[in-house]
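# Pasted the sequence and its predicted model underneath.
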Amino acid sequence: NQSLVTDGVASLVAEGVKWQSLYLVMLNKHMILTEPVKGDSGGYGRVITICPLSCLMAESYDIQDTEPAAQRILLTHFSPSKHTPGLFNIEASDDPVDAYDIRIIRSCLDIWFEDCNSATKAHKALCSRIFKARIERGKQIRDALPHK
């Protein structure tokens, strides 16, 4: 995953943790994480990862603190494909694998925001777009099924 993010000017190290500045973009039915490009890029960034919104789940974690603190959103990606989006980490499974089993692969990504306000706005926007993408996916499945 380290090779996906360049060692550009949009990162800093604090208390031994490297923080990378990324843009969260929701375009059509996809969530995209991009890295700011050095210099004037006309508002464009370098794509780090992309995944369908209909395969995501977003969970917000509030840190109860009196000071403004970084806030986390946990993104979970579900897919029958063993190829996960970049930056997402596959969760290990202890279940024995049968050659005829269809497995849903679960992978996760923690996204940290600089404050509660930005995390809350991002979480609400993500949940809304995920919900809409799943509705559209459901309509497509219903349309593909034979009708009596």
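Received the coordinates, thanks.

# out of everything not next to it in sequence, what's closest to Arg72?
Nearest non-adjacent residue to Arg72, counting by Cβ to Cβ, 6 or more residues apart in numbering: Tyr61, 4.7 Å away. Heads up, the C-betas are built off the backbone N, CA and C, glycines and all.

# Wait, a helix at His123?
Yes - judged by DSSP: H, G, I helix; E, B strand; the rest coil, His123 forms part of a helix.

# My guess is it contacts Ala58. True?
Yes - counting by Cβ atoms under 8 Å, His123 does reach Ala58; the two are 5.9 Å apart.

# got any ranges where the chain has weak pLDDT?
In the predicted model of the chain, residues 1-12, 39-43, 62-68, 93-99, 148 satisfy pLDDT under 70.

# State the distance from Val47 to Thr34.
From Val47 across to Thr34, the span is 5 Å (Cβ to Cβ, to the nearest Å).

# Quick one: the strands in this structure, in order.
Along the chain, counting by DSSP state E, strands occupy 11-14, 17-20, 23-27, 30-36, 45-52, 56-61, 71-79, 89-90, 105-113.
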